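Chemist: missing the sequence, but the structure's below:
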């Protein structure tokens, strides 16, 4: 490490998530950015892509030119299928290098499920056991045992944070309706290739209600954390706004539960976590307070039907749903304060 700082490479530095990642890392006092990699615009300054980034950083280069002996940690913000191949090449040759993967390559532990959802054969099956899926608030210090961290998807982050503590305590029944709305940055810079509907940037669009690929991730993690399969429907929507996710989770309280018990359990569970904010009961909520932050805001609201409530969860899909959580995971890996670089 250079002068007690972590030497960092960011691979996939010029996508929406990559640029947010570089922006926050450029303000982090404990890291040294050594490489910013992409496949296009080689030699350009990062400020060419994002005017927010004022720090003098390395110019864009190809990942094949990285001197891995110099790198302590690599962030990979690549299309699905790319990170696993790169990590496989480096993992055994450079045993001191760690990886935080922001794609889905190490999120799904069952390679058949991975292929079913992402239409790809996994080329680094032997490394899955050496990786950990990490929502920071659940993983904690356990993350330090691993060299490969699978950063969660944005929808699963917004959903698991409010649900897991309540399901563990059996305060809500297990048949759920999850309605999530995301800004279009969640689809990446190739948005027009993925979504063909009319008035893309001026309309709301519901999609993949039955087979959204994040369902496999949510299923896997809820079963791991709760101990059994949880029944739910998941309805994602694309909004004509750049960033932010608002998930509305429709639940029925168990007989021993109440709105106050649910709120108090979330406050208790997250009392040591710096980024989770539990609002007063029946507080109106949107994404406005969480945009450009690593926060998750949660509001519990009554409905007209007795014992049925809506739990709202708001995050920035590019920060808490991606780059911010990746840096939060890095902070946990290196025993830094969780919020350093993310204030």
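Modeler: All right, it came through fine. As the structure is a computational prediction, the values presented were derived from the model and not from experiment. Residues are numbered from 1 along each chain as shown.
Chemist: what comes into contact with stretch 57-67?
Modeler: Stretch 57-67 is contacted by residues 9, 11, 13-14, 22, 26, 33-39, 41-46, 74, 86 when judged by C-beta atoms under 8 Å, 6 or more residues apart in numbering. Placement of C-beta: from N, CA and C, glycine included.
Chemist: Just the ones in helices from these, please.
Modeler: Secondary structure defined by DSSP state H assigns 22, 86 of these to helices.
Chemist: For ChimeraX, write the select line for the buried members of the contacts of stretch 57-67.
Modeler: Buried residues among these (16 or more other C-beta atoms under 10 Å), as a ChimeraX selection:
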select :9,11,13,14,22,26,33,34,35,36,37,38,46,74,86
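Chemist: Would you mark the buried spots in stretch 282-295?
Modeler: Here stretch 282-295 shows 285, 287, 290, 291, 293, 294, 295 as buried, counting by 16+ other C-beta under 10 Å.
Chemist: ok, those vs residue 155, which is closest?
Modeler: When the buried residues of stretch 282-295 are compared for distance to residue 155 (C-beta to C-beta), residue 287 wins out at 13.6 Å.
Chemist: Was I right to think that closest one contacts residue 313?
Modeler: No - taking contacts as C-beta atoms under 8 Å, residue 287 lies outside contact range of residue 313: 10.2 Å.
Chemist: Lowest mean pLDDT among the helices and strands, pick that one out for the chain.
Modeler: None of the helices or strands of the chain scores lower by mean pLDDT, DSSP states H and E than helix 191-194, at a mean of 60.
Chemist: Mind listing the shared neighbours of residue 287 and residue 313?
Modeler: Shared contacts of residue 287 and residue 313, defined by C-beta under 8 Å, 6+ apart, are found at 245, 246.
Chemist: Check which helices and strands the strand or helix carrying residue 156 sits against.
Modeler: Take DSSP states H and E as the rule and residue 156 turns out to sit in helix 154-168. Taking 3 or more C-beta pairs under 8 Å, 6 or more residues apart in numbering; DSSP states H and E as contact, the helices and strands that helix 154-168 lies on are helix 136-139, strand 175-183, helix 214-226, strand 231-239, strand 245-252, helix 259-269, strand 296-302, strand 308-315.
Chemist: what's the spacing between the fifth one and its chain's center?
Modeler: Distance of strand 245-252 from its chain centroid, counting by C-alpha atoms, centre = their mean, to the nearest Å, is 18 Å.
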